[in-house]
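*Asks:* Quick one: sequence and predicted model below, then my questions.
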Amino acid sequence: MSDKRSLSFFSRSRRSRSFMVGGTMTLFLLICAAISLFWTPGSAYEIVIANRFLPPSADHWLGTDQFGRDIASMLMTGTQNSIVVAVVAVSIGLFIGVSLGLLAAARRGWTEEIIMRLSDFSFAFPAILSAIMLTAILGPGGVNSILAIGLYNIPVFARLTRGSANAIWTREYVMAARASGKGRLRITFEHILPNILSIIIVQATILFAIAILAEAALSYLGLGTQPPEPSWGRMLNEAQTLMFLDPMQAIYPGLAIAIAVFGLNLLGDGLRDVLDPRLSRKR
């Protein structure tokens, strides 16, 4: 049965253009990040003023910036930072938010009301505003970016999980499980969570793209990843005064951000089509 399900998943995924294109773009970024762990075409940290503004060549694939750093190496290393920040931030929102959403749907009453009102309150503090507040208290840095983006993701997952779980709690097989004497905790893990897992996975993929965009925005403002670690957002910030002298320094990190966000959004849209059995039956 599991072999048939996996075969069905792969057959549906091959028919989804969004999944294939988004998966390819995302895989390309992951490969770049993995390769940059042990090799880059140049140094992403070394400042060589004599090599500033060099054009693309065999030694410097995309040229060098105003400090003589290799742009291709900075982009590859910046991929690591973007992925790490996004993974940790989304994981924080995923585990805490899903847990709160499941608890709200299982307990209902005042528990659900308190969790949902706290979620509504959290939406008043988006990631950038939360980062500004954390920076004022703790100082700028990548950890504060992770906390700010992660805190923003918690109510997103909580509301999605609670709404999806409430719909499952009304199903006949759940009522039958309750009639057979199963507790709410056991029903949550045996029946509720498996049936909403696909929705959570799709949402996590989309929020992963949003987290990369938020990390770039925070780094652009000087609140995210700090020097000397490369960051796509800070590369944009440093290139904004060089638009007429060397516009490619802004285009390269802008394209990297666009590819990452666009690819992950396509992947999330494709996963929704592949994992949703109702959509797959319509095809």
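*Replies:* Sure, I can see it. Numbering: from 1, shown residues only.
*Asks:* Please count neighbours and contacts with C-alpha atoms only from this point.
*Replies:* Will do.
*Asks:* buried ones in the one helix or strand residue 75 maps to?
*Replies:* For residue 75, the host element (DSSP states H and E) is helix 71-107. Across helix 71-107, burial judged by 16 or more other CA atoms under 10 Å covers 71-94, 96-106.
*Asks:* Skip ahead from it and say which helix or strand is next.
*Replies:* That would be, after helix 71-107 and using DSSP H and E, helix 109-122.
*Asks:* where does this protein have its least confident helix or strand?
*Replies:* helix 277-282 (a mean of 50; mean pLDDT, DSSP states H and E).
*Asks:* Quickly note the distance from the residue nearest to residue 151 when sequence neighbours are not counted to residue 256.
*Replies:* Using CA to CA, 6 or more residues apart in numbering and skipping residues adjacent in sequence, the residue nearest residue 151 is residue 93, 6.4 Å away. Distance, residue 93 to residue 256, using CA to CA, to the nearest Å: 25 Å.
*Asks:* for residue 223, same thing?
*Replies:* Per CA to CA, residue 223 is found 20 Å from residue 256.
*Asks:* Between those two, which has more neighbouring residues?
*Replies:* Shown here are residue 223 and residue 256; by other CA atoms under 10 Å, residue 223 has more neighbours (24 against 17).
*Asks:* List the contacts of residue 71.
*Replies:* By CA atoms under 8 Å, 6 or more residues apart in numbering, the residues touching residue 71 are 44, 60, 61, 62, 63, 64, 65, 249.
*Asks:* show me where pLDDT drops low in the chain?
*Replies:* 1-10, 127, 136, 276-283 (pLDDT under 70).
*Asks:* the helices in it, which residues?
*Replies:* Under the criterion DSSP state H, the chain contains helices at 2-15, 17-36, 71-107, 109-122, 127-138, 142-169, 172-179, 184-187, 193-220, 232-239, 248-275, 277-282.
*Asks:* Identify the residues contacting the shortest one?
*Replies:* What it means is helix 184-187. So helix 184-187 is in contact with 106, 174, 177, 178, going by CA under 8 Å, 6+ apart.
*Asks:* Columns distance to residue 113 on top of those residues, output as JSON lines?
*Replies:* Below are these laid out as JSON lines (distance: CA to CA, whole Å):
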{"residue": "106", "distance to residue 113": "12"}
{"residue": "174", "distance to residue 113": "22"}
{"residue": "177", "distance to residue 113": "25"}
{"residue": "178", "distance to residue 113": "23"}
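*Asks:* Format the helices of the chain as CSV; extra columns: distance to residue 56.
*Replies:* Converted to CSV, those look like this (distance: least, CA to CA, whole Å):
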stretch, distance to residue 56
helix 2-15, 37
helix 17-36, 19
helix 71-107, 9
helix 109-122, 46
helix 127-138, 35
helix 142-169, 30
helix 172-179, 62
helix 184-187, 59
helix 193-220, 25
helix 232-239, 17
helix 248-275, 11
helix 277-282, 46
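*Asks:* Compare those and give me the one nearest residue 51.
*Replies:* Evaluated over these, closeness to residue 51 peaks at helix 71-107, with 11.8 Å, by CA to CA.
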